Every structure is written in structure tokens, then in C-alpha cells.
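Please work out how this folds:
(chains A, B, C and D)
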Protein chains: 2
Amino acid sequence: MARSTIGIKDVAVAAGVSATTVSHVLNDVSYARISPETRRKVKAAARQLGYGPNRVAQALRNRRTGVLGLVSEDVATTPHAGRIIQGADDAARARGYTLMLINTAASASPASREGDVDAVLERQVDGILYATMYHRVLETPANLGKVPAVLVDAVTADGSFPSVVPDEYGGARAAVAALLEAGHSRIGFINNVEDVPSTSERLRGFRETLTAAGLDGGQAPVEASSSDAAGGYEAASRILRRTDAPSGLFCYNDQMAMGAYRAAAELGLAIPADLSVVGFDDQELVAGSLFPGLTTVALPHYAMGAWAADRLIDILEGDPDAGGEEPGTTVLECPLVVRASVAAPRNP
Amino acid sequence: MARSTIGIKDVAVAAGVSATTVSHVLNDVSYARISPETRRKVKAAARQLGYGPNRVAQALRNRRTGVLGLVSEDVATTPHAGRIIQGADDAARARGYTLMLINTAASASPASREGDVDAVLERQVDGILYATMYHRVLETPANLGKVPAVLVDAVTADGSFPSVVPDEYGGARAAVAALLEAGHSRIGFINNVEDVPSTSERLRGFRETLTAAGLDGGQAPVEASSSDAAGGYEAASRILRRTDAPSGLFCYNDQMAMGAYRAAAELGLAIPADLSVVGFDDQELVAGSLFPGLTTVALPHYAMGAWAADRLIDILEGDPDAGGEEPGTTVLECPLVVRASVAAPRNP
DNA sequence: TTGAAAGCGCTAACAT
DNA sequence: ATGTTAGCGCTTTCAA
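Residues are numbered from 1 along each chain as shown, chains lettered A, B, ... in the order given. The predicted structure follows:
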């Protein structure tokens, strides 16, 4: 019951009071002194007529729409977008906000990005969530600053917006720790070749975790290739043929791990008996479908979406303990998801 | 430039005309007689001030928001949602509409579904797109009829809403045809066990295509299991051990095909030399990452989203050649995506 | 060729 | 304890 043509006036007439009174009771206005009896009548009339507020009219009057613009890259191409959206939607809805969605292309020109932002700005969104599909440094459209904004899975070079990104470094540490705990000491890493934060941070986590465990992180075997299954196959084939071939393999992502599974099979290596493998991303469709199930590190897309929406609303509502508007980047944990691809090594 | 506090009045003052005139020229009102000179001045002033219309105010006045509510199930759990969203967003944007998103759970109670619909109804959306994540028969919330609505990837038992679904039957035909054309005559199917339209329609397409090719579709080998990789492995293991084991295998979806790859490997069968495989869904992450790449049938989620948005807008704008409001279900093609898992059989 | 005025549904001063 | 009035930014009669 909402869209009908029933307005506050109809309720007022039905309850025999003025529109003001209806507004007061329906919104629980604090300073309003209205008799319990009248309150009852108004509520009864509203329910009986199936009244629902017209949020557009409220928005015009209050100069707040209760809508958050979510401009997101390439919603169609990765499953990550869905999780960000769901996290943001859940958090927003819990606080009475709704999302307005605009899809933008990662390859879009600056002008078209501004157009995307303008589209939600015209709709008077209270704030904007700007999400990218993989963790990176972003040039934000010039008009993004017109309302409060929070970046999801991205940062700007100058840190001018609050943002939330995954703890790539910590995730890598968790992955390597899992291998270490299983008893591996010969641990390798197949990395992505692209120059993005995750590439360098996961490598750093890999090396530092080994070093902290008393191994030689600096010398541990690392091979890099494209971050897909073919690249994983290729890099894994190389690393597994080295004289210092590892018994435990950390892979840049689940796709590469999938390629590593094939390389291992070709070399007659059983997983996890002969080779333990840990991935990154936790793409359910891949990690859960491989055999044996891939132990991997989850990217916290849902949590990032939820965090960002909450943070944005804190800013909008001027919540003091939200730490004011100070930007800064928040880093969210990447938890290990244990399946079946890690076991003790044959010969530690 | 949009959100600023610049309104039509500011433009009017700057151009030395009235607000009415500004509205007339900016909206190209047909009946307005305004001198070219004034038009120029108004436009110049608007641009110069960076004026952008306040769509909320326009909406209140015009009683049309230009917003479409997209109520979608389980946005986070499948990559399909992203494609529907992107298709709908592209189509909507091309016609000046914006999407407002509400995520709903496939498991949600009728009451909470009504709440989801109400949330967008309160925001005065002009129409609603109601999307499910797999093709099925749906019980729509009672309040869905309050504004025009179109179903995506679902139908109602009574066909009361226009809807768009994938051509499961045609997709299955295309898959089997690919196997037939490669020269296979011993063709099997591993199917899902759930009772959903895709299960029965793909089976029907499988049998009828074989029969139409002069083979005995009724007797062709079929095994069923859960629609995941484990189920695919299990069903494929069974079918490949039958005395009438196929040389060409059609799989209910890509996940099951992934399981079939493993079953084939265990039996020493090379793909596609010893066994040709065709999947369904075209989950890029899976189909493109398997080795060899999986030839599969694509589910037209993008096209369904786009079609639905277009259809909804046709209805909203009363487009006559849209065939009026008559409901009916539109079926969209599922095209074959050729990769590398089909070849001629060793012994046809 | 242009402008004044009314009103979309709602809220908030400011009366009473 | 409740009602009157004005106005959010815009579009549209209607009048000039």
C-alpha cells in the first residue's frame, strides 16, 4: 500500500483533523502535543485508507531524498559487483535509505564518468558510493565532490575521499600461514603481472610471512603471468619444474589456481597429497567447484559495500562518533576460507 | 553540474526573463512562442551557471519520476544478476530513466516481498522490473500490480504480467545440434534433478533434436544429479560407464560440465578428442577457464534485462505498437558460444 | 512573445 | 492540543 492516490489530506479528512496533525503523528514529531485519542484516530484512518507517504514530496520539502547513488563499474562482468551491491543495499535499507544504481564502464572517458555522476546528482541523491571492480587507484570525476561520497574498492591518489579496500597484505599472510601451519616449508607464489595494488601487496605479504617464519622470503620461488586460468597454468608449470619446486603454492587468484590444478595434474601431482594450493578471491563458482575444493582467501565485497553505505550515512547524518568527514582509507579483513586443497606435505 | 543550489529562478534572473520562459525553452515546450534571441540568452545563462534540473521537483509536479524499480533476487549470489542489471540500466538510461534497486531474498516471505515492493512504490517509481535469478514460476507480491510491472527470468502461473524468459528449449537444441554437426551420433545428457522449467525444457530439446535427426531421442542416455560440479562428476561418471556411453555429452550447466571434465579425466578420456562436451549458462569464469575452453549455451540475461526495461517503458509511455498492455511471455534466444570442447568423434 | 499565479504532497514556523 | 500558512523547485494554465 503506497502508490495509491491517497494523501495526507485524505487521512486528515477521514480522521477529522488537519493535515498538520496527520503529519505530526505519522512522523512522531517530538514537539507535537497531540492527544492519544487523536493519535489513535489518525493512525487508524491512515491504515484503513492504506496511506503511504509520497517520498518524492517529502524529499522536495526536506531537501533530503534518502537515496544513495551507487555508481559502479562493470556490474555485469564480475560477481564482485553483486556482493558490493547487496552489502550496500542491506546497510542502506537498515537505515531507511534506498539505492539508485548507475552502471559505468571501467573504460569510460572522464566526460562520460561525469555524466554518470550527474545522472544521480540530478536525482538529488544525498550521497554517492563509487565502486570499482578491482582494487585500484582511481581518478574521480570532478563532480563527485558535489555531495558526500565514499569509494568502494578504490582509493584516490590524494586520498580525498573516504574509502574502503581489502586487506590484500593480510589476506596473503593468512594464505601463507595456512600453508605454514600445515607443515610446508617450501612455499611458492604465482603472481599476476599487472601493476595493481593487489599484485604488490600480496607479494609483500607472501615474502614477509615466510621471513617472519624464519624462512628466506626473499628467495622463495615466485613466477608471474596473466591472472587467468591460462596464466595460472603457465606460471604453475614453470614453478613446479624448478629445482626449488614448492610443496605449497599460493596463487594470486582462484582463476590462476584453477590453472595450477591442471598443471599439477599434468605433472602427476595430486592435490593436496603432493601439492597444497591456496587461492584468492573466493569465487564460489570456481573455488567450490574445483576438486578438491580450493582453500582460498575471500575478498570482502559484501562487507565493503555495507561499510561504505554505513560510513556515507554517518557522514550524511553528521554522526559525531563517525570521526567527522575526515577521509582516510579503511582496510577490511580478507578471511581464509578453508576447503580441501591444503594438507601436510609428503616430505616437509 | 547538477546538485548545486542553482534553480530555474537563478537562470531566469541571469537571463532577464521569467521562470516560465526558462522552463519553456529548456524543455522545448512545443506551444511556446519565444524569440530565438531569448532562447539563446536563456540557454547561455543556464550553461554558464551550470544549471541542472531538480528531477525531484519535476517528478512531484509531473507525477512521473522517470525511475524504474528493479526488485531483484539474490543479487550477490549469482553473476546473472549483474547482467540483468546492466541490460536494464543500459536500456533505461537510453530512454532517460534511472534504476532504483532493491535486493530481495529468494527465500523471503510473502510479507517481506511486499515490503520490498512497497519500498520502491513509496519512492513513486513509474514501473517495476521484478527479476529472479533462475527461470521459474513465481508468486508475485500482491502489491506488484500497483504500477506497471514486467517479470524478468520468471513467469506467473496465470501469466498476469508481461515477462521475458530464456529459450531453454532452443538452447538445448543448439547444443545438441553442435554435437550432431561435429559428427556425433552417440549423444548423452546429464541433467539437473530439480523440478524447474529449465530441467524439463532442456531435456525436451535434447530428445527432440535427436529424434529430428533420425536418432532415437527417447532412448538416448540421460543421467541426472545435483546441478553443481559434484553432481556433474557423479552423473558423468555414470553415463560414461554405460554400455551405450556417449561420445558427445550435453550438460545441464557449466558447473556440471566442470564435473564431467573431471570424470572424463579419471576415465582417461581426452576432451575433445575422446569426448565432446557442451555446457549451458556461459559462466565466463568457468567456461572460459576450463581446459579446453567449454563450448556452451549462453543465457541471455543482459538481453532479458534490456528487453524488460524497454517493454516496461513502452507500457509507461503508452507506445501503441508495443502491443498494448497485454501480458504474455517473451522468449529470448540462448545462443551457442563456441570454444574448444567439441570435435569430431573418434568412431562416429 | 512573455509572465503571474496556482499547485504537485508534504513539513515546519507560527499562531491559537 | 491543534490549525493556518507558506514554500521546497518545477510546470502549466491563463492572461496580457
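
Spatially central residue in chain A, please.
A:H301 (2.5 Å; CA atoms, centre = their mean).

can you pull the contacts of that one?
A:80, A:83-84, A:87, A:153 (CB atoms under 8 Å, 6 or more residues apart in numbering or on different chains). Glycine gets a C-beta too; all of them are placed from N, C-alpha and C.

Just the ones of the residues you listed in helices?
A:80, A:83-84, A:87 (DSSP state H).

Name the nearest of the contacts of A:H301 relative to B:V338.
Using CB to CB, A:H80 is the member of the contacts of A:H301 that lies nearest B:V338, at 27.3 Å.

I figured that closest one hits A:L299, correct?
Yes. A:H80 lies in contact with A:L299 (CB atoms under 8 Å); the separation is 6.8 Å.

Could you find the closest non-adjacent residue to the residue nearest to the centre of chain A?
In space, and not counting its chain neighbours, A:H301 is closest to A:R83: 3.6 Å by CB to CB, 6 or more residues apart in numbering or on different chains.

do the same with A:P345
A:S247 (4.0 Å).

Equivalent analysis for A:F206, please.
A:F189 (4.6 Å).

phi, psi of A:I6?
phi -80, psi 120 (degrees, to the nearest 10).

right, and it touches A:P53 too?
No. With contact defined as CB under 8 Å, A:I6 does not reach A:P53; the gap is 10.3 Å.

what does stretch A:13-21 rub up against?
A:8-9, A:12, A:22, A:34, A:38, A:41-42, A:44-46, A:48-49.

Contacts only, for A:V56.
A:V56 makes contacts with B:56, B:59-60, B:65, B:123-124, as judged by CB under 8 Å, 6+ apart.

Would you agree it falls within a helix?
Yes. Counting by DSSP: H, G, I helix; E, B strand; the rest coil, A:V56 is found in a helix.

Look at it and report its pLDDT.
On pLDDT, A:V56 comes in at 96.

A:N347 now?
The model reports A:N347 with a pLDDT of 73.

that older thread, return only those of the contacts of A:V56 found close to DNA strand D.
The subset of the contacts of A:V56 within reach of DNA strand D, by CB under 7 Å from any atom of the strand, is B:L60.

Tell me the one of the contacts of A:V56 nearest DNA strand D?
B:L60 (4.4 Å; CB to the nearest atom of the strand).

isn't that closest one right next to A:A57, touching?
Yes. Counting by CB under 8 Å, A:A57 is a contact partner of B:L60 at 5.5 Å.

Give the phi and psi angles for the residue in the stretch 151-300 of chain A positioned nearest to DNA strand D, as a check.
Closest residue of the stretch 151-300 of chain A to DNA strand D, CB to the nearest atom of the strand: A:F161 (25.4 Å). Backbone torsions for A:F161, taken as degrees, to the nearest 10, come to phi -120, psi 150.

and what of the one 5 residues further on?
Backbone torsions for A:P166, taken as degrees, to the nearest 10, come to phi -80, psi 150.

Count the residues that sit near it.
Using other CB atoms under 10 Å in any protein chain shown, the number of residues around A:P166 comes to 26.

Specify the beta-bridge partners of it.
Beta bridges link A:P166 to A:L332, judged by DSSP bridges.

Which single one of the contacts of A:H301 is nearest to chain B?
Using CB to the nearest CB, A:R83 comes nearest to chain B of the contacts of A:H301, at 4.6 Å.

Next up, the contacts around the closest one.
Counting by CB under 8 Å, 6+ apart, A:R83 touches A:301-302, A:305, B:76.

for A:V152, same thing?
A:V152 neighbours (CB under 8 Å, 6+ apart): A:84, A:88, A:129-132, A:163-164, A:304-305, A:308.

which ones among those residues come in contact with DNA strand D?
The subset of the contacts of A:V152 within reach of DNA strand D, by CB under 7 Å from any atom of the strand, is empty.

could you measure A:A340 against DNA strand C, distance?
55 Å (CB to the nearest atom of the strand, to the nearest Å).

Neighbours of the nearest residue to that residue once chain neighbours are set aside, how many?
Distance criterion CB to CB, 6+ apart; nearest residue to A:A340, sequence neighbours excluded, is A:P292 at 3.7 Å. Residues near A:P292, counting by other CB under 10 Å, number 16.

Same check on A:D244?
Around A:D244 there are 10 residues (other CB under 10 Å).

Tell me how far it lies from A:D274.
16 Å (CB to CB, to the nearest Å).

cool, and A:G248?
Taking CB to CB as the measure, A:G248 falls 11 Å from A:D274.

For the two, work out which one has more neighbours and name it.
Each of A:G248 and A:D274 has its neighbours counted (other CB under 10 Å); A:G248 has more, 26 against 15.

Which parts of the stretch 1-150 of chain A are helices?
For the stretch 1-150 of chain A, the helices defined by DSSP state H, counting those that start in this stretch cover A:8-15, A:19-26, A:36-49, A:55-62, A:80-94, A:110-122.

Helix, strand, or coil at A:G268?
When classified by three-state DSSP, A:G268 comes out as coil.

Next up, the contacts around it.
Shown in contact with A:G268 (CB under 8 Å, 6+ apart): A:D274.

Check it and give its pLDDT.
With respect to pLDDT, A:G268 has a value of 96.

Near DNA strand D, which residues of the stretch 51-200 of chain A? Just list them.
With CB under 7 Å from any atom of the strand as the criterion, the stretch 51-200 of chain A meets DNA strand D at residues A:57, A:60-61, A:63.

Many thanks, we can stop here.
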